[in-house]
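*Asks:* sequence plus the predicted model coming up.
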Amino acid sequence: MRPTIAFFGELLVRLSPPDKLLLRSARTLDLAVGGAEANVAIGLASLGHTTRMISRLPANPLGDMARSVLMGAGVDCTHVVQAEGRMGLYFLTPGAGLRASEVVYDRAGSVFARATEADFDWDTVFAGATHLLMSGITPALGPDSSRLAIAAARAAKDRGLTLIFDGNYRALLWQAWDSDPRGVLCELVGLADMMFGNHRDIALLLATSFASDGEDRRREAAAALFAAFPNLKHLASTARHVEAADRHLLSARVETPDAVAQTEEIAVSGIVDRIGAGDAFAAGVLHGLLRNPDDIDGAAESGLALTALKHSLPGDASLFGQGDIDAFLSGQFDVRR
């Protein structure tokens with residue numbers, strides 16, 4: 001059966017100054033549609049997979065626009081409902097040289113953040129789906145969203161879906177309310193079959209630290225994670241060393257309880273837009289595993305290729321196909337004619 005990957009999370013409108021201006025001095029703003037789960041959905045749809053978004057948008061032109069962007073990318077939006085309320089926004093000041101990028105959120109009280117379990121019929125939204133991807137952003141939005149995320153994860157598992165959890169820890173969102181991030185995230189990871197996250201995410205989950213460094217620390221953290229959450233079959237992560245806003249060093253890693261796939265470190269220079277690069281990595285890894293579940297080396301290479309390519313593309317989502325991945329992995333960096 002051809003897999004159908006469902007995605008549950010919030011869609012956002014991103015507003016950013018052109019030409020790397022500071023937000024406070026900008027007089028015009030460029031607009032893009034994003035959201036962690038939606039970015040992965042678009043990335044996988046661009047690679048030919050069947051993807052389905054489950055979300056809530058405002059019943060206004062902003063909501064219409066966001067929905068049309070996903071549909072235009074090939075994502076099934078049958079279960080993206082529209083209701084009265086506001087769109088979540090975020091403002092990005094792009095980095096340049098030694099100046100880091102900066103994000104300001106304006107998403108409190110969005111139509112998605114006010115959703116409850118009563119707004120979703122799990123039998124309907126998960127019908128025919130084989131996988132569900134969620135992130136740690138949804139439960140960080142508030143107590144209602146936290147309960148909703150857990151309900152969605154349980155409903156997916158009850159219906160036999162493979163659950164993929166992307167850590168995406170956002171401290172500022174959790175700190176905005178009386179939250180228990182470790183307790184909530186542990187419950188979600190305990191249900192998951194695969195996790196995207198690094199040693200810092202694992203340290204948060206297990207309330208511990210890891211004394212080793214580099215690859216040894218990553219393997220020590222992964223071993224602890226697999227021991228604590230025996231349902232997990234895969235862990236995927238990147239290592240990023242930022243030399244400047246437009247030059248990063250990247251490597252990728254996919255692990256199982258018994259094996260590790262680690263790529264070489266590559267330099268990504270002339271960065272156009274790093275937002276959504278982690279979501280592109282997730283799409284690349286999942287693309288590799290969906291093609292061959294036993295080839296974790298191929299999944300790591302595919303994830304590295306897609307995240308590196310995303311740095312060259314404005315906007316939040318990867319729009320690259322298999323030919324782009326093949327060209328990258330074979331070193332074809334000259335003009336293709």
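*Replies:* Looks like it arrived, so ask away.

*Asks:* with just CA atoms, put the helix or strand containing residue 56 into PDB.
*Replies:* Assessed by DSSP states H and E, residue 56 sits inside strand 50-58. Extracted in PDB, the C-alpha atoms of strand 50-58 (Å, rounded to 0.1, in the frame of the first residue of the first chain):
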ATOM      1  CA  THR A  50       1.100  11.400  -0.600                       C
ATOM      2  CA  THR A  51       0.800  13.900   2.200                       C
ATOM      3  CA  ARG A  52      -2.200  15.100   4.200                       C
ATOM      4  CA  MET A  53      -2.400  18.200   6.400                       C
ATOM      5  CA  ILE A  54      -4.600  18.300   9.400                       C
ATOM      6  CA  SER A  55      -5.000  21.800  10.800                       C
ATOM      7  CA  ARG A  56      -7.200  24.800  11.500                       C
ATOM      8  CA  LEU A  57      -7.000  28.100   9.600                       C
ATOM      9  CA  PRO A  58      -9.000  31.400   9.900                       C
END
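
*Asks:* packing partners of it?
*Replies:* Using 3 or more CB pairs under 8 Å, 6 or more residues apart in numbering; DSSP states H and E, the elements in contact with strand 50-58 are strand 4-8, helix 36-46, helix 61-72, strand 76-83. Where you see a C-beta, it was placed from the backbone N, CA and C, and this is true even at glycine.

*Asks:* can I get these in TSV including distance to residue 25, mean neighbour count and mean pLDDT?
*Replies:* As requested, the helices and strands packed on strand 50-58 are exported to TSV (distance: least, CB to CB, whole Å; neighbours: other CB atoms under 10 Å; pLDDT from 0 to 100):
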stretch	distance to residue 25	mean neighbour count	mean pLDDT
strand 4-8	36	24	98
helix 36-46	28	28	98
helix 61-72	25	17	97
strand 76-83	35	17	97
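
*Asks:* closest to residue 209 out of the ones you listed?
*Replies:* helix 36-46 (26.2 Å; CB to CB).

*Asks:* now that closest one - C-alpha only, CSV.
*Replies:* Extracted in CSV, the C-alpha atoms of helix 36-46 (Å, rounded to 0.1, in the frame of the first residue of the first chain):
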residue,chain,number,x,y,z
ALA,A,36,7.1,22.9,11.0
GLU,A,37,4.7,20.1,10.0
ALA,A,38,3.5,21.9,6.9
ASN,A,39,7.1,22.4,5.7
VAL,A,40,7.8,18.6,6.0
ALA,A,41,4.5,17.9,4.2
ILE,A,42,5.5,20.2,1.3
GLY,A,43,9.0,18.7,1.2
LEU,A,44,7.7,15.1,0.9
ALA,A,45,4.9,16.1,-1.6
SER,A,46,7.7,17.6,-3.8
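
*Asks:* excluding chain neighbours, what is closest to residue 203?
*Replies:* What sits nearest to residue 203 in space, not counting adjacent residues and going by CB to CB, 6 or more residues apart in numbering, is residue 209, at 5.6 Å.

*Asks:* where does the stretch 201-337 of the chain dip in pLDDT?
*Replies:* Counting by pLDDT under 70, the ranges of the stretch 201-337 of the chain that qualify are 333-337.

*Asks:* so residue 243, which of the three states?
*Replies:* Residue 243 falls in the strand class when you classify it by DSSP: H, G, I helix; E, B strand; the rest coil.

*Asks:* actually residue 237, not the one I wrote
*Replies:* Under three-state DSSP, residue 237 comes out as strand.

*Asks:* need phi/psi at the closest residue to it other than its chain neighbours.
*Replies:* Take residue 237 and drop its neighbours on the chain: the residue closest to it by CB to CB, 6+ apart is residue 198, 4.3 Å away. Main-chain torsions, residue 198, degrees, to the nearest 10: phi -120, psi -170.

*Asks:* quick one: the helices in the protein?
*Replies:* 36-46, 61-72, 122-125, 137-140, 143-158, 171-175, 181-191, 199-206, 214-228, 277-291, 296-310, 322-329 (DSSP state H).

*Asks:* who does the first one touch, helix- and strand-wise?
*Replies:* Secondary-structure packing of helix 36-46 (3+ CB pairs under 8 Å, 6+ apart): strand 4-8, strand 50-58, helix 61-72, strand 131-135, strand 162-166, helix 277-291.

*Asks:* quick one: which of the ones you listed is nearest residue 142?
*Replies:* strand 50-58 (13.9 Å).

*Asks:* show the average pLDDT along that closest one.
*Replies:* Per-residue pLDDT values across strand 50-58 average out to 98.

*Asks:* given it, what are its sheet partners and their directions?
*Replies:* Applying DSSP bridges to the sheet, strand 50-58 is found paired with strand 4-8 (parallel), strand 76-83 (parallel).

*Asks:* which residues sit against the shortest one?
*Replies:* Read that as strand 4-8. The contact list for strand 4-8, computed with CB atoms under 8 Å, 6 or more residues apart in numbering, reads 37-38, 40-41, 44, 49-55, 125-126, 128-134, 138, 149, 152, 156, 161, 286, 290.

*Asks:* all set, thanks.
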